[in-house]
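Novice: Generate coordinates for the sequence data below:
(2 chains)
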Amino acid sequence: MMEVLLPILIFAALGVLFGIVLAIASRIFAVKTDERIPQVQELLPGANCGGCGFTGCAALAEAIVRGEATPNACNSCSAENMKAIGAIMGIEVADKVPMQAQVRCSGKCGVAKLQYHYEGARSCIAADRMGGGDKLCAWGCIGLGTCVEVCKFDALHIVDGVAVVDHTKCSGCGACVNICPKNLIELLPVESEYYVACRSKEKGALTRKQCDAGCIGCGICAKLCPEGAITVTDFVAYIDQSKCKKCGICAEKCPRKIIRHENEVYDDLINAQKKA
Amino acid sequence: MSFGSILLMMFSAILVENFIFAKFYGCCPFLGVSEHPDTALGMGMAVTFVMTVSGGVTWAVYEFLLVPAKLEYLKTVAFILVIAALVQFIEMFLRRFIPTLYQALGIYLPLITTNCAVLSAALLTVQNGYSFIEAICFGLASALGFTLAITVFAGVRSRMAHANPPEAFKGFPLTLIAAGLLAMAFSCFSGIQF
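Specialist: Down below sits the predicted model:
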């Protein structure tokens, strides 16, 4: 009888002992954490995308409570959640325009000319160090998908050698903007529709040699835009989204067809995915 | 056991009888937490810390509780209980008194609670009939071997991340092949005789 009872008793006693010790220890070693940190973290998206520059949502929540980051530091956060974080912190939060990413390049395979054949590490950052990548154009998308890797929302895909944003999934966190070695990705307001899909600052003649879809800085769009929203500096057009009324004249008249509508880009992406 | 033989035992535990490559303990964290050298090192440090402390504590539990009560056959259950409670206790202690160490090890500590490498270090200590000092040294050396393996492997994996393997090998298959090659390299040490 004792042979069975003794082990049971000893182990029960051990269990109770450890339980009591841990219970006491948790009281003694209790750390006072700011109760606002979990509250703020609850309001953040929880994707841990790192677009804010901190390691994750928990780290950002801590930084916000400590006052090291502003309540609107997260680009993916909805406006009402931002307000709620501001309320917890007792700070008035200015309205933030929701943003989405766009890749400013249309140099697909065959369209952009190559300077050499690249077979190195499959990373845009590595390829960029090899004479700025395999495309002749020093500004264009390398297309090895380093931005695709960092995107936590499955919003970026490589289509025909160029990164394409799926604007229905993009949360505007900015992680891709930070990683792109070519600085090609730009955050635009969600309501914007047209954008210039080229960033080449080379003179028109040179751009023409390097790529069949590069902005040559002809200025037709700037002349035709009824709102005066388009400016051409350094041989590349740029649309001021705050003035754009989305009439679409620029996209229609662009001789290089590089002023694009976000839906057109999206259709390209869907078609490519269907083919695959 | 003399100082020299303890050193030999530690050397053998690190390289010849490496926990991962020779005994295949702790493969879960080895494959799971080895994507970046930094996190791998953090995991290795946490394992080293827990294994060393638990080596001493489980030795004491075995010698002063299980042997007198003639309950040696229940050592596995007892060690699991002791290690789990110990890790929890250490976690709370670190959080209160050494926050920097807690932040470095914090997320890995709970993972180790049920790690078979930690348990097997305690069981092997008993099996080999080590003394208290030897038990602690054995725990430390085994964990250092674990840390060495996981850090080296994380280095290999961070280089592989930029390779462009055939579609079928992408991800886990290639990771397992690399682990196998590394284990084969470590098997050279098993030829060393003391």
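
Novice: mind listing what B:Ser187 touches?
Specialist: B:Phe21, B:Ala22 (CB atoms under 8 Å, 6 or more residues apart in numbering or on different chains). Every C-beta, even on glycine, is put in place using the N, C-alpha and C of the backbone.

Novice: sec struct for it, please.
Specialist: Here B:Ser187 is recorded as helix under DSSP: H, G, I helix; E, B strand; the rest coil.

Novice: So it versus chain A, what's the distance?
Specialist: 30 Å (CB to the nearest CB, to the nearest Å).

Novice: same question, B:Ala85
Specialist: Distance from B:Ala85 to chain A, by CB to the nearest CB: 4 Å.

Novice: A:Trp133: how many residues sit nearby?
Specialist: Wrong residue type there; residue A:133 is Gly, not Trp. Neighbour count for A:Gly133, taken as other CB atoms under 10 Å in any protein chain shown: 24.

Novice: now the residue lying closest to A:Gln241 once chain neighbours are set aside, what's its secondary structure?
Specialist: In space, and not counting its chain neighbours, A:Gln241 is closest to A:Ser192: 4.2 Å by CB to CB, 6 or more residues apart in numbering or on different chains. Under three-state DSSP, A:Ser192 falls in the coil class.

Novice: can you pull the contacts of A:Ser192?
Specialist: If you count contacts by CB under 8 Å, 6+ apart, then A:Ser192 has A:Ile239, A:Gln241, A:Cys244, A:Glu262 around it.

Novice: Equivalent analysis for A:Cys247, please.
Specialist: Counting by CB under 8 Å, 6+ apart, A:Cys247 makes contact with A:Pro226, A:Glu227.

Novice: Start from the N-terminal end of chain A and give the helices.
Specialist: Under the criterion DSSP state H, chain A contains helices at A:2-28, A:36-43, A:57-66, A:79-89, A:124-129, A:146-150, A:175-179, A:204-210, A:220-224, A:249-253, A:262-275.

Novice: Can I get these in a markdown table including distance to chain B, mean pLDDT and mean neighbour count?
Specialist: Output for the helices of chain A, formatted as a markdown table (distance: least, CB to the nearest CB, whole Å; pLDDT from 0 to 100; neighbours: other CB atoms under 10 Å in any protein chain shown):
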| stretch | distance to chain B | mean pLDDT | mean neighbour count |
| --- | --- | --- | --- |
| helix A:2-28 | 4 | 89 | 12 |
| helix A:36-43 | 14 | 87 | 18 |
| helix A:57-66 | 10 | 86 | 20 |
| helix A:79-89 | 23 | 85 | 17 |
| helix A:124-129 | 6 | 92 | 18 |
| helix A:146-150 | 9 | 91 | 20 |
| helix A:175-179 | 14 | 90 | 21 |
| helix A:204-210 | 26 | 90 | 16 |
| helix A:220-224 | 39 | 91 | 17 |
| helix A:249-253 | 36 | 90 | 17 |
| helix A:262-275 | 17 | 85 | 13 |
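
Novice: Now render those helices as TSV, adding distance to A:Lys169.
Specialist: Formatted as TSV, these follow (distance: least, CB to CB, whole Å):
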stretch	distance to A:Lys169
helix A:2-28	42
helix A:36-43	21
helix A:57-66	19
helix A:79-89	19
helix A:124-129	21
helix A:146-150	12
helix A:175-179	12
helix A:204-210	31
helix A:220-224	29
helix A:249-253	23
helix A:262-275	10
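
Novice: which stretch among these comes nearest B:Asn115?
Specialist: Closest approach to B:Asn115 among those is made by helix A:2-28 (18.5 Å; CB to CB).

Novice: now stretch A:260-269, how far from the chain's geometric center?
Specialist: How far stretch A:260-269 lies from its chain's middle: 18 Å, per CA atoms, centre = their mean, to the nearest Å.

Novice: do you know how far B:Leu124 is from B:Ser142?
Specialist: With distances taken as CB to CB, to the nearest Å, B:Leu124 is found 8 Å from B:Ser142.

Novice: Actually, A:Phe235.
Specialist: Per CB to CB, A:Phe235 is found 65 Å from B:Ser142.

Novice: got the residues of chain B near chain A?
Specialist: Proximity of chain B to chain A is confined to B:65, B:69, B:71, B:74, B:77-78, B:81-82, B:85, B:88-89, B:92-93, B:95-97, B:162-164 under the rule CB under 8 Å from any CB of the partner chain.

Novice: if you set the cut-off to 6 Å instead, what comes out?
Specialist: Contacts of chain B with chain A, taken as CB under 6 Å from any CB of the partner chain, map to B:Leu71, B:Leu74, B:Ala85, B:Gln88, B:Phe89, B:Met92, B:Phe93, B:Arg95, B:Arg96, B:His162, B:Asn164.

Novice: my read is the fourth one is in a helix, agree?
Specialist: Yep, that's B:Gln88 we're talking about. Yes: counting by three-state DSSP, one finds B:Gln88 located in a helix.

Novice: okay, and the helix or strand of chain B with the least pLDDT?
Specialist: Here the helix or strand of chain B ranked lowest by mean pLDDT, DSSP states H and E is helix B:99-105, holding a mean of 75.

Novice: Tell me which residues of the helix or strand following that helix come out buried.
Specialist: Once helix B:99-105 ends, the next helix or strand along the chain (criterion: DSSP states H and E) is helix B:109-112. Buried residues in helix B:109-112, defined by neighbour count with 16 or more other CB atoms under 10 Å in any protein chain shown: B:Leu109, B:Leu111, B:Ile112.

Novice: Which one of those is nearest to chain A?
Specialist: Chain A lies nearest to B:Leu109 out of these, by CB to the nearest CB, at 13.8 Å.

Novice: send the alpha carbons of the least confident helix or strand of chain B over as PDB?
Specialist: What follows is helix B:99-105, C-alpha atoms only, in PDB (Å, rounded to 0.1, in the frame of the first residue of the first chain):
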ATOM      1  CA  PRO B  99      15.400  43.500 -17.000                       C
ATOM      2  CA  THR B 100      18.000  43.700 -19.700                       C
ATOM      3  CA  LEU B 101      18.800  40.000 -19.400                       C
ATOM      4  CA  TYR B 102      15.000  39.300 -19.300                       C
ATOM      5  CA  GLN B 103      14.500  41.300 -22.600                       C
ATOM      6  CA  ALA B 104      17.300  39.300 -24.200                       C
ATOM      7  CA  LEU B 105      16.100  35.900 -23.100                       C
END
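
Novice: and which of the contacts of A:Ser192 is nearest chain B?
Specialist: Nearest member of the contacts of A:Ser192 to chain B, counting by CB to the nearest CB, is A:Glu262, at 31.2 Å.

Novice: Might one say that that closest one is in contact with A:Asp166?
Specialist: No: counting by CB atoms under 6 Å, A:Glu262 does not reach A:Asp166; the two are 9.9 Å apart.

Novice: Show me chain A divided up by domain.
Specialist: Per automatic domain parsing, the structural domains of chain A span A:36-89, A:99-275.

Novice: Can you check the pLDDT for the closest residue to chain B within the stretch 101-250 of chain A?
Specialist: For the stretch 101-250 of chain A and chain B, the shortest gap (CB to the nearest CB) falls at A:Ala121, measuring 3.6 Å. pLDDT for A:Ala121: 84.

Novice: B:Gln193 too?
Specialist: On pLDDT, B:Gln193 comes in at 67.

Novice: Tell me how many other residues crowd the nearest residue to B:Gly155 once chain neighbours are set aside.
Specialist: The shortest distance from B:Gly155 to any non-neighbouring residue, by CB to CB, 6+ apart, is to B:Pro37 (5.6 Å). Around B:Pro37 there are 17 other residues, counting by other CB under 10 Å.
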